[in-house]
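>>> any chance you can model this:
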Amino acid sequence: MEPLAHTGCFWDSRTRPMGDRPDKIRAFIAIPLPGHVRQTLGDIQSEIRRSGIKAAWPDPARFHLTLKFLGCTRDETLVLVKTTMEKFAGRCPKLSLTAGSIGVFPGNRGARVIWADISGQTQPLSQLFQELDKELHAIGIPRQVRRFSPHITLARIKEPVSAKNLIDLTERFKNRWTDQFQATCLALYKSRLTPLGAVHTRLFHVKLTL
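Coordinates of the predicted model:
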């Protein structure tokens with residue numbers, strides 16, 4: 001078994017979860033969130049749950065801000081991703097952000113996801129994503145086609161919800177924000193799909209040094 005990083009995390013084909021291909025891991029890069037932000041968003045999520053919406057509810061302990069979904073990625077490519085992240089992080093500044101003011105995707109009619117918005121230094125955040133996307137493209141990761149829209153997923157809706165109820169819900173939380181927090185690192189995660197939802201495991205992280 002070989003180490004992926006100095007963080008003490010490993011991947012090993014002998015312990016790969018069922019459903020993953022033997023030579024691939026479903027992976028993504030994200031900004032981890034500090035505990036006080038996850039707690040506030042977890043409180044908002046709990047209030048939304050009490051509204052009776054039928055949904056899958058991600059564990060607040062695993063809330064994160066996704067930057068780049070890599071899809072099913074070969075082990076040897078993940079090694080290149082790690083190296084790219086190490087080089088890239090040394091050129092990136094820490095960012096001041098807040099989260100809250102929930103919205104829905106794709107809209108109030110036929111909504112599938114309830115998410116928390118991101119505010120603060122969002123322009124530097126978008127630039128960080130664009131530069132990371134470019135660096136990863138250079139090692140064979142496809143560029144992202146859709147527009148980068150930073151958010152934190154709070155729920156994945158399983159049964160239809162009326163547009164009126166969603167409008168009332170978003171209005172209720174439009175001024176609810178977390179305290180400001182510093183985005184200080186990037187992390188590589190493994191995502192395993194289960195009947196109860198995705199389970200995310202951090203494999204590696206690098207600190208933003210500027």
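>>> what's the neighbour count on the nearest residue to Arg109 once chain neighbours are set aside?
Setting aside the residues directly before and after it, Arg109 is nearest to Ala163 in space (C-beta to C-beta, 6 or more residues apart in numbering), at 5.1 Å. Placement of C-beta: from N, CA and C, glycine included. Using other C-beta atoms under 10 Å, Ala163 is surrounded by 14 other residues.
>>> now Ala163, what are its backbone angles?
phi -60, psi -40 (degrees, to the nearest 10).
>>> quick one, grab the pLDDT at the residue lying closest to Ile157 once chain neighbours are set aside.
Spatial nearest neighbour of Ile157, chain neighbours left out: Ala55 (4.8 Å); criterion: C-beta to C-beta, 6+ apart. For Ala55, the pLDDT comes out at 94.
>>> what of Cys9?
For Cys9, pLDDT reads 35.
>>> same question for Val206.
95.
>>> got it, and Arg146?
89.
>>> could you do Arg21 as well?
54.
>>> got a list of what Val199 touches?
By C-beta atoms under 8 Å, 6 or more residues apart in numbering, the contact set of Val199 is 62, 191-193.
>>> swap the cut-off to 6 Å and go again
Val199 makes contact with Arg192, according to C-beta atoms under 6 Å, 6 or more residues apart in numbering.
>>> give me the phi and psi for it.
phi -110, psi 120.
>>> so how far is Ile31 from it?
To Ile31, Val199 is 19 Å away according to C-beta to C-beta, to the nearest Å.
>>> ok, now Val37?
11 Å.
>>> pLDDT score for the residue lying closest to Glu131 once chain neighbours are set aside?
Nearest in space to Glu131, with sequence neighbours left out and distances taken as C-beta to C-beta, 6+ apart, is Phe88 at 7.2 Å. At Phe88, the model reports a pLDDT of 90.
>>> cool, and the one 4 residues further on?
Residue-level confidence at Cys92 comes out at 89, pLDDT.
>>> could you pull out the buried residues of whichever strand or helix holds Ala116?
According to DSSP states H and E, Ala116 maps onto strand 113-120. The neighbour-count check on strand 113-120 (16 or more other C-beta atoms under 10 Å) flags 114-118, 120 as buried.
>>> alright, that wraps it up for me.
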